[in-house]
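Engineer: Let's see this in three dimensions:
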Amino acid sequence: MPVKRLAEIPGFNIDRVAAAAGDDPEVLRLENLDTDVAPPQGVIETTRAAVGEDDANSWLPFDGKVEMKEAVAAHIERRSGVRYDPLREVVITGGEGDAMLNALFVATDPGDEVILTDPTYAGMLNRVRLVGAVPRLVPLVAGDAGWRLDLDALRATAGPRTRAVFIMNPSLPTGCVLNEEEWDAIADLCRDRGLWLIYVSIYEGIVFDGLPVIHPASLDGMRDRVITVGSVSLEQRMIGWRIGWTVGPEELHSDLSVVHIYNALVPSGICQAGATVALREPPQHLAAIVADYQRRRDEMLRQLEGFPVVAPSGGWSLLMNTAALGIDCAEASKRMLEQKVAATQMRGWGAEVADRCLRFVYSNEPIERLSLLGDRARAALG
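Structural biologist: The predicted structure is shown next:
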(Lines give C-alpha, C1' and ligand atoms only; values in the text may rest on other atoms or scores of the structure.)
Protein backbone atom coordinates (compact mmCIF):
# COMPACT_ATOMS: atom_id res chain seq x y z
CA MET A 1 0.00 0.00 0.00
CA PRO A 2 1.27 3.54 -0.72
CA VAL A 3 2.35 5.58 2.27
CA LYS A 4 0.03 8.40 3.35
CA ARG A 5 2.64 10.97 2.30
CA LEU A 6 2.04 10.05 -1.35
CA ALA A 7 -1.71 9.48 -1.22
CA GLU A 8 -2.65 12.84 -2.78
CA ILE A 9 0.31 13.13 -5.16
CA PRO A 10 -0.55 12.20 -8.76
CA GLY A 11 1.77 11.52 -11.68
CA PHE A 12 3.11 14.35 -13.76
CA ASN A 13 1.21 13.67 -17.07
CA ILE A 14 3.95 15.35 -19.13
CA ASP A 15 6.00 12.17 -19.45
CA ARG A 16 2.89 10.22 -20.50
CA VAL A 17 2.12 12.67 -23.30
CA ALA A 18 5.77 12.62 -24.40
CA ALA A 19 5.81 8.81 -24.43
CA ALA A 20 2.60 8.71 -26.47
CA ALA A 21 4.05 11.20 -28.96
CA GLY A 22 7.14 9.01 -29.35
CA ASP A 23 9.73 10.16 -31.87
CA ASP A 24 7.37 11.12 -34.68
CA PRO A 25 9.03 14.18 -36.29
CA GLU A 26 5.66 15.52 -37.46
CA VAL A 27 4.38 15.98 -33.91
CA LEU A 28 4.54 19.53 -32.56
CA ARG A 29 6.30 19.12 -29.22
CA LEU A 30 4.38 21.52 -27.02
CA GLU A 31 4.11 19.30 -23.95
CA ASN A 32 7.43 19.71 -22.13
CA LEU A 33 9.52 22.64 -20.84
CA ASP A 34 12.43 22.02 -23.16
CA THR A 35 13.87 24.69 -25.42
CA ASP A 36 15.79 24.72 -28.67
CA VAL A 37 17.55 27.97 -27.68
CA ALA A 38 21.17 27.27 -26.75
CA PRO A 39 22.71 28.15 -23.37
CA PRO A 40 24.77 31.36 -23.10
CA GLN A 41 28.01 31.67 -25.01
CA GLY A 42 30.98 30.12 -23.24
CA VAL A 43 28.96 27.87 -20.93
CA ILE A 44 29.53 24.64 -22.85
CA GLU A 45 33.27 25.23 -23.27
CA THR A 46 33.70 26.12 -19.60
CA THR A 47 31.75 23.05 -18.50
CA ARG A 48 33.79 20.77 -20.75
CA ALA A 49 37.03 22.23 -19.40
CA ALA A 50 35.88 21.62 -15.82
CA VAL A 51 35.48 17.89 -16.47
CA GLY A 52 39.24 17.51 -16.35
CA GLU A 53 39.76 19.58 -13.20
CA ASP A 54 40.29 17.79 -9.89
CA ASP A 55 38.71 20.66 -7.97
CA ALA A 56 35.46 20.23 -9.91
CA ASN A 57 35.33 16.50 -9.11
CA SER A 58 34.97 16.91 -5.35
CA TRP A 59 32.43 16.59 -2.58
CA LEU A 60 33.42 20.01 -1.29
CA PRO A 61 32.24 22.55 -0.59
CA PHE A 62 28.91 20.93 0.24
CA ASP A 63 26.81 24.06 -0.18
CA GLY A 64 28.48 25.49 -3.26
CA LYS A 65 31.66 27.11 -4.51
CA VAL A 66 32.44 30.65 -3.45
CA GLU A 67 32.57 31.97 -7.01
CA MET A 68 29.15 30.47 -7.73
CA LYS A 69 27.68 32.02 -4.56
CA GLU A 70 29.16 35.38 -5.52
CA ALA A 71 27.65 35.13 -9.00
CA VAL A 72 24.20 34.36 -7.54
CA ALA A 73 24.38 37.25 -5.04
CA ALA A 74 25.44 39.65 -7.80
CA HIS A 75 22.65 38.38 -10.07
CA ILE A 76 20.00 39.06 -7.43
CA GLU A 77 21.46 42.46 -6.58
CA ARG A 78 21.32 43.51 -10.24
CA ARG A 79 17.65 42.52 -10.40
CA SER A 80 16.47 43.77 -7.01
CA GLY A 81 18.99 46.27 -5.67
CA VAL A 82 19.18 44.07 -2.55
CA ARG A 83 22.54 42.76 -1.42
CA TYR A 84 22.93 39.30 0.11
CA ASP A 85 26.15 38.00 1.65
CA PRO A 86 27.42 35.19 -0.61
CA LEU A 87 28.93 33.20 2.25
CA ARG A 88 26.23 33.72 4.88
CA GLU A 89 23.02 33.90 2.86
CA VAL A 90 23.45 31.79 -0.31
CA VAL A 91 23.28 27.99 -0.66
CA ILE A 92 23.90 26.32 -4.03
CA THR A 93 21.71 23.30 -4.78
CA GLY A 94 21.26 20.56 -7.34
CA GLY A 95 18.62 22.48 -9.30
CA GLU A 96 15.39 24.28 -8.54
CA GLY A 97 13.62 21.13 -7.31
CA ASP A 98 16.02 20.59 -4.42
CA ALA A 99 15.94 24.31 -3.67
CA MET A 100 12.13 24.40 -3.44
CA LEU A 101 12.01 21.40 -1.13
CA ASN A 102 14.79 22.80 1.06
CA ALA A 103 12.97 26.13 1.40
CA LEU A 104 9.74 24.41 2.40
CA PHE A 105 11.53 22.29 5.00
CA VAL A 106 12.99 25.35 6.75
CA ALA A 107 9.82 27.46 6.47
CA THR A 108 7.17 24.96 7.60
CA ASP A 109 6.40 22.15 10.01
CA PRO A 110 4.00 19.28 9.27
CA GLY A 111 0.43 20.53 9.34
CA ASP A 112 1.34 24.12 8.53
CA GLU A 113 -0.47 25.73 5.61
CA VAL A 114 1.14 27.16 2.48
CA ILE A 115 -0.62 29.51 0.04
CA LEU A 116 -0.18 28.88 -3.69
CA THR A 117 -2.06 29.94 -6.79
CA ASP A 118 -4.51 27.90 -8.85
CA PRO A 119 -3.11 27.01 -11.36
CA THR A 120 0.43 26.52 -10.10
CA TYR A 121 3.41 24.37 -10.98
CA ALA A 122 2.65 20.79 -9.90
CA GLY A 123 6.23 20.52 -8.65
CA MET A 124 5.47 23.28 -6.15
CA LEU A 125 2.09 21.97 -5.07
CA ASN A 126 3.31 18.44 -4.46
CA ARG A 127 6.50 19.43 -2.68
CA VAL A 128 4.27 21.19 -0.15
CA ARG A 129 2.60 17.83 0.39
CA LEU A 130 5.93 16.00 0.54
CA VAL A 131 7.12 18.05 3.50
CA GLY A 132 3.83 17.38 5.31
CA ALA A 133 2.39 20.87 4.89
CA VAL A 134 -1.08 21.64 3.56
CA PRO A 135 -1.60 23.59 0.31
CA ARG A 136 -4.22 26.35 0.25
CA LEU A 137 -5.02 27.64 -3.22
CA VAL A 138 -5.88 31.17 -4.38
CA PRO A 139 -7.39 31.46 -7.87
CA LEU A 140 -5.75 33.22 -10.76
CA VAL A 141 -8.56 34.88 -12.71
CA ALA A 142 -8.45 35.07 -16.50
CA GLY A 143 -9.50 38.34 -18.11
CA ASP A 144 -8.68 40.91 -20.76
CA ALA A 145 -5.61 41.93 -18.73
CA GLY A 146 -4.33 38.37 -18.65
CA TRP A 147 -4.16 36.33 -15.48
CA ARG A 148 -4.74 38.29 -12.27
CA LEU A 149 -4.45 37.17 -8.66
CA ASP A 150 -7.73 37.19 -6.70
CA LEU A 151 -6.68 39.53 -3.88
CA ASP A 152 -9.85 39.07 -1.83
CA ALA A 153 -9.34 35.31 -1.93
CA LEU A 154 -5.68 35.78 -0.99
CA ARG A 155 -6.58 37.59 2.20
CA ALA A 156 -9.41 35.17 3.01
CA THR A 157 -7.21 32.10 2.50
CA ALA A 158 -4.64 33.06 5.15
CA GLY A 159 -5.46 31.45 8.49
CA PRO A 160 -3.87 30.72 11.86
CA ARG A 161 -1.88 27.76 10.45
CA THR A 162 -0.52 29.66 7.43
CA ARG A 163 3.28 29.85 7.49
CA ALA A 164 4.30 30.71 3.93
CA VAL A 165 3.24 32.06 0.56
CA PHE A 166 4.79 30.06 -2.30
CA ILE A 167 4.87 32.04 -5.56
CA MET A 168 6.56 31.69 -8.95
CA ASN A 169 6.77 34.82 -11.11
CA PRO A 170 6.29 34.66 -14.06
CA SER A 171 4.06 31.77 -13.15
CA LEU A 172 4.13 28.29 -14.59
CA PRO A 173 1.90 27.23 -16.33
CA THR A 174 -0.09 30.46 -16.85
CA GLY A 175 2.60 32.97 -17.72
CA CYS A 176 1.02 35.36 -15.19
CA VAL A 177 3.31 38.25 -14.23
CA LEU A 178 2.26 39.84 -10.95
CA ASN A 179 1.79 43.61 -10.98
CA GLU A 180 2.70 46.11 -8.25
CA GLU A 181 -0.72 45.92 -6.60
CA GLU A 182 -0.53 42.13 -6.38
CA TRP A 183 3.00 42.12 -5.01
CA ASP A 184 2.04 44.78 -2.45
CA ALA A 185 -0.90 42.65 -1.32
CA ILE A 186 1.35 39.60 -0.90
CA ALA A 187 3.95 41.65 0.96
CA ASP A 188 1.28 43.17 3.23
CA LEU A 189 0.01 39.70 4.08
CA CYS A 190 3.51 38.40 4.84
CA ARG A 191 4.39 41.39 7.03
CA ASP A 192 1.05 41.43 8.87
CA ARG A 193 0.96 37.68 9.55
CA GLY A 194 4.69 37.06 9.95
CA LEU A 195 4.80 34.71 6.95
CA TRP A 196 7.69 33.56 4.80
CA LEU A 197 7.51 34.31 1.09
CA ILE A 198 9.12 31.50 -0.90
CA TYR A 199 9.73 33.14 -4.25
CA VAL A 200 10.55 30.91 -7.23
CA SER A 201 12.47 33.14 -9.63
CA ILE A 202 13.36 30.65 -12.35
CA TYR A 203 11.53 32.63 -15.09
CA GLU A 204 12.12 36.04 -13.53
CA GLY A 205 13.74 37.73 -16.51
CA ILE A 206 11.49 36.20 -19.18
CA VAL A 207 8.80 38.91 -19.26
CA PHE A 208 7.12 40.34 -22.34
CA ASP A 209 5.70 43.62 -23.59
CA GLY A 210 8.17 45.75 -21.63
CA LEU A 211 6.83 44.70 -18.23
CA PRO A 212 9.19 45.39 -15.32
CA VAL A 213 10.99 42.72 -13.32
CA ILE A 214 9.90 43.03 -9.69
CA HIS A 215 11.87 41.06 -7.10
CA PRO A 216 9.84 40.90 -3.85
CA ALA A 217 12.93 41.27 -1.65
CA SER A 218 13.05 44.89 -2.87
CA LEU A 219 9.66 45.67 -1.32
CA ASP A 220 9.52 47.52 1.98
CA GLY A 221 10.31 45.25 4.91
CA MET A 222 10.58 42.09 2.79
CA ARG A 223 14.32 41.53 2.43
CA ASP A 224 14.44 39.17 5.43
CA ARG A 225 11.06 37.55 4.77
CA VAL A 226 11.88 36.26 1.28
CA ILE A 227 13.53 32.94 0.47
CA THR A 228 14.50 33.15 -3.20
CA VAL A 229 14.65 29.90 -5.15
CA GLY A 230 16.52 30.16 -8.42
CA SER A 231 18.31 28.11 -11.04
CA VAL A 232 19.98 28.31 -14.43
CA SER A 233 17.45 25.90 -15.96
CA LEU A 234 15.18 28.37 -17.76
CA GLU A 235 16.55 31.90 -18.20
CA GLN A 236 19.95 30.44 -19.03
CA ARG A 237 18.45 27.37 -20.84
CA MET A 238 20.71 25.00 -18.86
CA ILE A 239 18.17 22.31 -18.06
CA GLY A 240 20.67 19.47 -17.90
CA TRP A 241 23.15 21.26 -15.64
CA ARG A 242 20.91 20.95 -12.57
CA ILE A 243 22.27 23.90 -10.62
CA GLY A 244 20.05 26.05 -8.42
CA TRP A 245 20.15 28.07 -5.20
CA THR A 246 18.33 29.31 -2.15
CA VAL A 247 18.97 32.85 -0.94
CA GLY A 248 17.57 34.22 2.29
CA PRO A 249 18.35 35.96 5.56
CA GLU A 250 21.34 34.81 7.57
CA GLU A 251 19.11 33.33 10.29
CA LEU A 252 18.06 30.61 7.81
CA HIS A 253 21.47 29.87 6.34
CA SER A 254 22.45 27.09 8.73
CA ASP A 255 19.10 25.32 8.32
CA LEU A 256 19.15 25.68 4.54
CA SER A 257 22.68 24.26 4.45
CA VAL A 258 21.79 21.30 6.68
CA VAL A 259 18.68 20.42 4.70
CA HIS A 260 20.61 20.74 1.44
CA ILE A 261 23.39 18.43 2.67
CA TYR A 262 20.99 15.69 3.73
CA ASN A 263 18.68 16.13 0.75
CA ALA A 264 21.13 16.52 -2.14
CA LEU A 265 24.59 16.51 -0.47
CA VAL A 266 26.54 18.54 -3.02
CA PRO A 267 25.92 20.42 -6.28
CA SER A 268 28.06 19.36 -9.22
CA GLY A 269 31.36 21.25 -9.32
CA ILE A 270 31.54 20.63 -13.05
CA CYS A 271 28.17 22.21 -13.67
CA GLN A 272 28.78 25.08 -11.27
CA ALA A 273 31.66 26.15 -13.52
CA GLY A 274 29.30 26.63 -16.45
CA ALA A 275 26.55 28.16 -14.30
CA THR A 276 28.94 30.79 -12.93
CA VAL A 277 29.77 31.88 -16.47
CA ALA A 278 26.09 31.98 -17.41
CA LEU A 279 25.15 34.30 -14.54
CA ARG A 280 27.81 36.77 -15.63
CA GLU A 281 26.35 37.19 -19.14
CA PRO A 282 25.50 40.79 -20.08
CA PRO A 283 21.76 41.54 -19.73
CA GLN A 284 21.38 42.41 -23.40
CA HIS A 285 22.00 38.76 -24.27
CA LEU A 286 18.93 37.69 -22.31
CA ALA A 287 16.93 40.55 -23.85
CA ALA A 288 17.51 39.08 -27.32
CA ILE A 289 16.38 35.65 -26.10
CA VAL A 290 13.25 37.11 -24.51
CA ALA A 291 12.40 38.87 -27.78
CA ASP A 292 12.60 35.49 -29.54
CA TYR A 293 10.26 33.86 -27.02
CA GLN A 294 7.85 36.79 -27.32
CA ARG A 295 7.68 36.31 -31.10
CA ARG A 296 6.83 32.66 -30.50
CA ARG A 297 4.20 33.64 -27.94
CA ASP A 298 2.66 36.04 -30.44
CA GLU A 299 2.57 33.34 -33.14
CA MET A 300 0.82 30.97 -30.71
CA LEU A 301 -1.83 33.62 -30.04
CA ARG A 302 -2.33 34.12 -33.78
CA GLN A 303 -2.70 30.40 -34.33
CA LEU A 304 -5.16 29.99 -31.45
CA GLU A 305 -7.26 33.06 -32.21
CA GLY A 306 -10.89 32.33 -31.42
CA PHE A 307 -10.04 29.72 -28.81
CA PRO A 308 -10.38 30.48 -25.07
CA VAL A 309 -6.70 31.18 -24.38
CA VAL A 310 -5.13 33.77 -22.10
CA ALA A 311 -2.08 35.67 -23.34
CA PRO A 312 0.90 34.93 -21.08
CA SER A 313 2.95 37.92 -19.94
CA GLY A 314 6.10 35.84 -19.51
CA GLY A 315 7.52 32.35 -19.34
CA TRP A 316 7.32 29.54 -21.88
CA SER A 317 3.69 28.38 -21.88
CA LEU A 318 0.05 29.36 -22.22
CA LEU A 319 -3.25 27.76 -21.24
CA MET A 320 -6.44 27.02 -23.14
CA ASN A 321 -9.69 26.67 -21.21
CA THR A 322 -10.97 23.53 -22.91
CA ALA A 323 -13.86 23.26 -20.44
CA ALA A 324 -15.26 26.40 -22.06
CA LEU A 325 -15.39 24.35 -25.27
CA GLY A 326 -17.24 21.56 -23.46
CA ILE A 327 -14.19 19.29 -23.60
CA ASP A 328 -12.41 17.78 -20.59
CA CYS A 329 -8.73 18.70 -20.48
CA ALA A 330 -7.60 15.04 -20.65
CA GLU A 331 -9.83 14.41 -23.65
CA ALA A 332 -8.53 17.60 -25.27
CA SER A 333 -4.95 16.40 -24.85
CA LYS A 334 -5.87 13.08 -26.47
CA ARG A 335 -7.59 14.78 -29.41
CA MET A 336 -4.68 17.13 -29.96
CA LEU A 337 -2.22 14.24 -30.08
CA GLU A 338 -4.37 12.54 -32.71
CA GLN A 339 -3.74 15.68 -34.79
CA LYS A 340 0.00 15.50 -34.06
CA VAL A 341 0.17 18.13 -31.32
CA ALA A 342 1.56 17.10 -27.94
CA ALA A 343 -0.01 19.25 -25.20
CA THR A 344 -0.44 18.52 -21.49
CA GLN A 345 -3.62 18.54 -19.43
CA MET A 346 -3.38 20.56 -16.22
CA ARG A 347 -5.40 18.36 -13.88
CA GLY A 348 -3.33 18.14 -10.69
CA TRP A 349 -1.71 21.55 -11.23
CA GLY A 350 -4.09 23.30 -8.87
CA ALA A 351 -7.85 22.86 -8.37
CA GLU A 352 -10.92 24.10 -10.22
CA VAL A 353 -9.08 26.55 -12.47
CA ALA A 354 -6.28 24.19 -13.47
CA ASP A 355 -8.67 21.31 -14.09
CA ARG A 356 -10.24 23.24 -16.95
CA CYS A 357 -7.02 23.80 -18.87
CA LEU A 358 -4.67 22.40 -21.47
CA ARG A 359 -1.08 23.69 -21.60
CA PHE A 360 0.94 24.55 -24.70
CA VAL A 361 4.71 25.15 -24.42
CA TYR A 362 6.16 27.37 -27.17
CA SER A 363 9.87 27.33 -26.24
CA ASN A 364 10.93 24.24 -28.18
CA GLU A 365 9.50 24.76 -31.66
CA PRO A 366 10.50 27.46 -34.20
CA ILE A 367 7.87 29.86 -35.52
CA GLU A 368 7.75 28.01 -38.84
CA ARG A 369 6.55 24.89 -37.03
CA LEU A 370 4.27 26.77 -34.64
CA SER A 371 2.42 28.10 -37.70
CA LEU A 372 1.01 24.58 -38.15
CA LEU A 373 -0.83 24.69 -34.83
CA GLY A 374 -4.01 26.54 -35.78
CA ASP A 375 -5.28 24.09 -38.39
CA ARG A 376 -4.47 21.13 -36.16
CA ALA A 377 -6.16 22.69 -33.13
CA ARG A 378 -9.32 23.40 -35.12
CA ALA A 379 -9.35 19.83 -36.45
CA ALA A 380 -8.98 18.48 -32.91
CA LEU A 381 -11.22 20.79 -30.92
CA GLY A 382 -13.53 22.43 -33.44
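Engineer: so where do the helices sit in this structure?
Structural biologist: Counting by DSSP state H, the chain has these helices, from start to end: 14-21, 43-51, 66-80, 86-89, 96-107, 122-130, 151-157, 180-193, 250-263, 269-279, 283-303, 329-338, 367-370, 373-381.
Engineer: Can you list the helices and strands that the third one packs against?
Structural biologist: Put plainly, it is helix 66-80. The contact analysis (3 or more C-beta pairs under 8 Å, 6 or more residues apart in numbering; DSSP states H and E) places helix 66-80 against helix 86-89, strand 90-93, strand 226-231, strand 244-247, helix 269-279. Any C-beta I mention is one placed from the backbone N, CA and C, and that applies to glycine too.
Engineer: Quick check: which of those is buried the most?
Structural biologist: Mean neighbour count (mean count of other C-beta atoms under 10 Å) peaks for strand 244-247 among those, with a mean of 30.
Engineer: Now do that one: distance to the chain's middle.
Structural biologist: With C-alpha atoms, centre = their mean, to the nearest Å as the basis, strand 244-247 stands 13 Å off its chain's centre.
Engineer: Give me the average confidence score over that strand.
Structural biologist: Averaging pLDDT along strand 244-247 gives 98.
Engineer: That one pairs with which strands, parallel or anti?
Structural biologist: strand 90-93 (antiparallel), strand 226-231 (antiparallel) (DSSP bridges).
Engineer: Mind putting those strands into CSV with mean pLDDT and distance to residue 377?
Structural biologist: Shown next, in CSV, are these (pLDDT from 0 to 100; distance: least, C-beta to C-beta, whole Å):
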stretch, mean pLDDT, distance to residue 377
strand 90-93, 98, 38
strand 226-231, 98, 32
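Engineer: If it's not too much trouble, I'd like the helices and strands packed on helix 66-80 exported to a markdown table so that distance to residue 65 sit alongside each entry.
Structural biologist: Listed next are those as a markdown table, based on distance: least, C-beta to C-beta, whole Å:
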| stretch | distance to residue 65 |
| --- | --- |
| helix 86-89 | 10 |
| strand 90-93 | 7 |
| strand 226-231 | 16 |
| strand 244-247 | 12 |
| helix 269-279 | 5 |
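Engineer: Out of these, which is closest to residue 376?
Structural biologist: strand 226-231 (32.6 Å; C-beta to C-beta).
Engineer: Under the pLDDT cut-off, which ranges of the stretch 1-150 of the chain? List them.
Structural biologist: 1-2 (pLDDT under 70).
Engineer: To residue 236, which of the helices of the chain lies closest?
Structural biologist: Nearest of these (C-beta to C-beta): helix 269-279, 4.2 Å.
Engineer: Helix 43-51 and that closest one, what's the angle between them?
Structural biologist: Angle, helix 269-279 to helix 43-51, by axes from the mean of the first three to the mean of the last three C-alpha atoms, to 10 degrees: 150 degrees.
Engineer: If you average the pLDDT over helix 269-279, what comes out?
Structural biologist: So the average pLDDT for helix 269-279 ends up being 98.
Engineer: you'd agree residue 136 is up against residue 118?
Structural biologist: No - the criterion here is C-beta atoms under 8 Å, and residue 136 misses it with residue 118 at 9.8 Å.
Engineer: what residues are shared contacts of these two?
Structural biologist: The contact sets of residue 136 and residue 118 do not overlap (C-beta atoms under 8 Å, 6 or more residues apart in numbering).
Engineer: Neighbours of residue 134, how many?
Structural biologist: 15 (other C-beta atoms under 10 Å).
Engineer: do the same with residue 258
Structural biologist: 16.
Engineer: Please report how far it lies from residue 246.
Structural biologist: 12 Å (C-beta to C-beta, to the nearest Å).
Engineer: Next: residue 227.
Structural biologist: In terms of C-beta to C-beta, residue 227 sits 6 Å off from residue 246.
Engineer: residues bridging contact with those two, i.e. touching both?
Structural biologist: 103, 256.
Engineer: Tell me which of the helices of the chain is the most buried.
Structural biologist: Ranked by mean neighbours (mean count of other C-beta under 10 Å), the helices of the chain are led by helix 96-107, with a mean of 25.
Engineer: Contacts for that helix, please.
Structural biologist: Under C-beta under 8 Å, 6+ apart, the answer for helix 96-107 is 91, 93, 114, 123-124, 127-128, 130-131, 133, 163-164, 166, 196, 198, 200, 202, 227, 229-231, 233, 244-246, 248, 252, 255-256, 259-260, 263-264.
Engineer: if you set the cut-off to 7 Å instead, what comes out?
Structural biologist: With contact meaning C-beta atoms under 7 Å, 6 or more residues apart in numbering, helix 96-107 is reached by 93, 123-124, 127-128, 130-131, 133, 163-164, 196, 198, 200, 202, 227, 229, 231, 233, 244-246, 252, 255-256, 259-260, 263-264.
Engineer: thinking again about what came up before, turn the strands paired with strand 244-247 into CSV, including distance to residue 215.
Structural biologist: Shown next, in CSV, are the strands paired with strand 244-247 (distance: least, C-beta to C-beta, whole Å):
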stretch, distance to residue 215
strand 90-93, 15
strand 226-231, 8
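Engineer: I'd like to know which of these lies nearest to residue 36.
Structural biologist: When these are compared (using C-beta to C-beta), the closest one is strand 226-231, at 19.1 Å.
Engineer: any idea of the angle that closest one forms with helix 180-193?
Structural biologist: Strand 226-231 and helix 180-193 are oriented at 130 degrees to each other (the same axes, to 10 degrees).
Engineer: Perfect, I'm done here.
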